[in-house]
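S.K.: I'll drop the sequence and a predicted model, then ask my questions.
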Amino acid sequence: MSAVKFKIEKRIKGKLGRAGVLETPNGIIQTPAFVVVGTKATVKALSPEQVKDLGAQVVLANTYHLYLQPGDELVKNSGGLGKFMNWRGPTMTDSGGFQVFSLGAAYGKEISKVVKITDPSLMIPERFDDNNAPRLAKIGQDGVSFKSHLDGAVHYITPEKSIQIQHNLGADIIFAFDECASPAESARYQEEALDRTHRWAKRCLEEHIKLNTGKNVALFGIAQGGREEELRKKSARAISEMEVGGESFDGFGIGGSFAKEDMSTAVKWVNEILPEEKPRHLLGIGEPEDLFMGVENGVDLFDCVAPTRIARNGSLYTMSGNINILNAKFISDFSKIDENCRCYTCQNYTRAYLSHLFRGKEILANTLASIHNLHFIVNLVKKIRQSILDDNFEGFKDSF
RNA sequence: GCGUAGGUGGCAGAGCGGUCAAUUGCAUCAGACUGUAAAUCUGACGCCCUAUGGGCUACGGGGGUUCAAAUCCCUCCCUACGCA
């Protein structure tokens, strides 16, 4: 029996998209939904009340970060992630799999999970010095050794360890420990990494079943496969069919790197295979246009650091594109960030004031900007959901 | 009035004969950011042009020494501190 209940309420005709309800022990999530990222058990610059008020339903924290600081045992002793950070609602934790990438192959390089260069041969310079390039995460026999970015201490994380940590953190939904392979890696490596992720997924499931007796935690498996159709489909099949003693994953994450152009096809390949009665989470994706793409292709959950990160750097979402509030033209612009926005920031402050706060490096700038961007994204997904219920997804998408 | 230390690009502050249109920080002007190494990072920043090159004007003002001066000398102006 699954720890979470997922019910599909309505589908987009002729597409994979759907609107549903995901029930967790700590509350329900109306999907599609945007999961707000609170890596270190805090949504940067915001109080949980502010996160709630802007419309967020669920937050996602990170295994690697909380394991290093303050430690998963401490979070457990405090009563669990939700209690610890005073978030009354559903919670999730990522497994640390992304850090295998961000602190490993991507460390010190200009590669991220959304690829700019679509010709793989042009990316070879990024991998030529793989063995010499400094990195904080190295893949070992049956796990990954992380050199802490905080103090340099080495920690070996295995799939079992990640699951143990996540059970200690105590979120409602946890993820399998995977390898988010760099898009700059060769085809052969992608295949190797995929097999490794599958082996790890099995071990995660085994460990989870062991630890979940008498508990009610949901484990999502992660489909990888980079940009290759064959690998994507292979992974979707492997993860959805994976079973240990009759038990399988409660839902799925779609991980790995994409190019903007082929993100939709990649997501489609995967979601056509994943069992439709279980929820799917597109990991780390969440620019406005990506949300339509994801929902249309069957994604139920998104998370992304972009809204909060770019907010702290002065970029703000508007219906007519991003603005950089630090630009000189906003110094004495007394209009709202976005004319029709109903967020707390737009209801009470002007662009000129935000401009002033950013220029003065006032911490309130981060708070007000984060509220606006999160409100924009969280509510955009809510509107998309409503459009599905109203049989008007295409219409809403076009109007946006 | 005398003595001492100084006057350098928006600000602070290096440089003390050629490699100086001038280190660096801040400010300014842009850009980037997609499972958070992130309140971070990158670029531009005297003027002009046929612009990975060329020209012009510049280190308080004026004059001088030198092949060559932000750097040395003279003089004037200004600032800070000390003494009358």
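M.R.: Arrived safely, thanks for sending.
S.K.: what residue ranges in the stretch 101-250 of chain A score low on pLDDT?
M.R.: A:119-132 (pLDDT under 70).
S.K.: so is the closest residue to RNA strand B within it in a helix, a strand, or just coil?
M.R.: In the stretch 101-250 of chain A, the residue found nearest to RNA strand B is residue A:180; the distance is 2.4 Å by Cβ to the nearest atom of the strand. Where you see a C-beta, it was placed from the backbone N, CA and C, and this is true even at glycine. Three-state call for residue A:180 (DSSP: H, G, I helix; E, B strand; the rest coil): coil.
S.K.: by contact count, what packs against whichever strand or helix holds residue A:252?
M.R.: Element membership for residue A:252, per DSSP states H and E: strand A:251-254. If you count contacts as 3 or more Cβ pairs under 8 Å, 6 or more residues apart in numbering; DSSP states H and E, strand A:251-254 packs onto strand A:218-223, helix A:263-273, strand A:280-282.
S.K.: strand partners of the helix or strand that it is followed by, parallel vs antiparallel please.
M.R.: Proceeding N to C from strand A:251-254, the next assigned helix or strand is strand A:258-259, under DSSP H and E. Strand pairing for strand A:258-259, determined by DSSP bridges: strand A:114-115 (parallel).
S.K.: show me what contacts the residue of the stretch 101-250 of chain A closest to RNA strand B?
M.R.: A:97-98, A:100-102, A:113, A:224, A:255-257 (Cβ atoms under 8 Å, 6 or more residues apart in numbering).
S.K.: can you pull out the strands in the stretch 301-400 of chain A?
M.R.: Secondary structure of the stretch 301-400 of chain A (DSSP state E, counting those that start in this stretch): strands at A:301-303, A:315-316, A:323-324.
S.K.: CSV for these, including mean neighbour count, mean pLDDT and distance to RNA strand B?
M.R.: As requested, the strands of the stretch 301-400 of chain A are exported to CSV (neighbours: other Cβ atoms under 10 Å; pLDDT from 0 to 100; distance: least, Cβ to the nearest atom of the strand, whole Å):
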stretch, mean neighbour count, mean pLDDT, distance to RNA strand B
strand A:301-303, 25, 98, 5
strand A:315-316, 21, 98, 4
strand A:323-324, 16, 98, 4
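S.K.: residue A:74 is nearest to which of the ones you listed?
M.R.: Nearest of the strands of the stretch 301-400 of chain A to residue A:74, taken as Cβ to Cβ: strand A:301-303 at 24.0 Å.
S.K.: for that closest one, give me every contacting residue.
M.R.: A:22, A:29, A:31-37, A:58, A:60, A:92, A:279-286, A:290-291, A:294, A:381.
S.K.: what about 7 Å?
M.R.: Residues outside strand A:301-303 that contact it (Cβ atoms under 7 Å, 6 or more residues apart in numbering) are A:31, A:33-35, A:37, A:60, A:279, A:281-286, A:291, A:294, A:381.
S.K.: one more: stretch A:282-292?
M.R.: Taking Cβ under 7 Å, 6+ apart as the rule, stretch A:282-292 contacts A:34, A:98, A:113, A:253-255, A:263, A:267, A:294, A:299, A:302-304, A:306-307, A:317, A:377, A:380-381, A:384, A:397, A:400.
S.K.: most remote residue from chain A's center?
M.R.: Distance from the C-alpha centroid of chain A, by Cα atoms, centre = their mean, peaks at residue A:332 (36.1 Å).
S.K.: in the helix or strand where residue A:199 lies, what counts as buried?
M.R.: Counting by DSSP H and E, the element that carries residue A:199 is helix A:187-211. For helix A:187-211, a neighbour-count test (16 or more other Cβ atoms under 10 Å) marks A:189-191, A:193-194, A:196-198, A:200-208, A:211 as buried.
S.K.: quick revisit: okay, now the spatially closest residue to the residue farthest from the centre of chain A that is not a sequence neighbour: neighbour count?
M.R.: Once flanking residues are discounted, residue A:332 sits nearest to residue A:352: 5.4 Å by Cβ to Cβ, 6 or more residues apart in numbering. When neighbours are defined as other Cβ atoms under 10 Å, residue A:352 has 15 of them.
S.K.: was I right about residue A:352 contacting residue A:336?
M.R.: No - assessed by Cβ atoms under 7 Å, residue A:352 is found out of contact with residue A:336, at 10.6 Å.
S.K.: who in the stretch 51-200 of chain A is up against RNA strand B?
M.R.: A:60, A:62, A:64-65, A:94-95, A:97-99, A:101-103, A:107-108, A:112-114, A:116, A:136, A:149, A:175, A:178, A:180 (Cβ under 7 Å from any atom of the strand).
S.K.: out of these, which are buried?
M.R.: A:60, A:62, A:64-65, A:94-95, A:97-99, A:101-103, A:107, A:113-114, A:136, A:175, A:178, A:180.
S.K.: what residues go with each domain of chain A?
M.R.: A:5-304, A:316-400 (automatic domain parsing).
S.K.: tell me which of these sits most buried.
M.R.: Of all the domains of chain A, domain A:5-304 has the most neighbours on average by mean count of other Cβ atoms under 10 Å, namely a mean of 20.
S.K.: strands along the stretch 51-200 of chain A, start to end?
M.R.: Under DSSP E, counting those that start in this stretch, the stretch 51-200 of chain A gives strands at A:59-62, A:91-94, A:114-115, A:137-139, A:144-147, A:154-157, A:173-175.
S.K.: what about residue A:21, distance to residue A:287?
M.R.: 25 Å (Cβ to Cβ, to the nearest Å).
S.K.: no no, residue A:392
M.R.: Taking Cβ to Cβ, one finds residue A:392 at 22 Å from residue A:287.
S.K.: and if you look at residue A:250?
M.R.: With Cβ to Cβ as the criterion, residue A:250 and residue A:287 are 27 Å apart.
S.K.: from RNA strand B, how far out is the nearest residue to residue A:383 once chain neighbours are set aside?
M.R.: Leaving out its chain neighbours, the residue that sits closest to residue A:383 by Cβ to Cβ, 6+ apart is residue A:396, at 6.6 Å. Note on residue A:396: its distance to RNA strand B, by Cβ to the nearest atom of the strand, to the nearest Å, is 20 Å.
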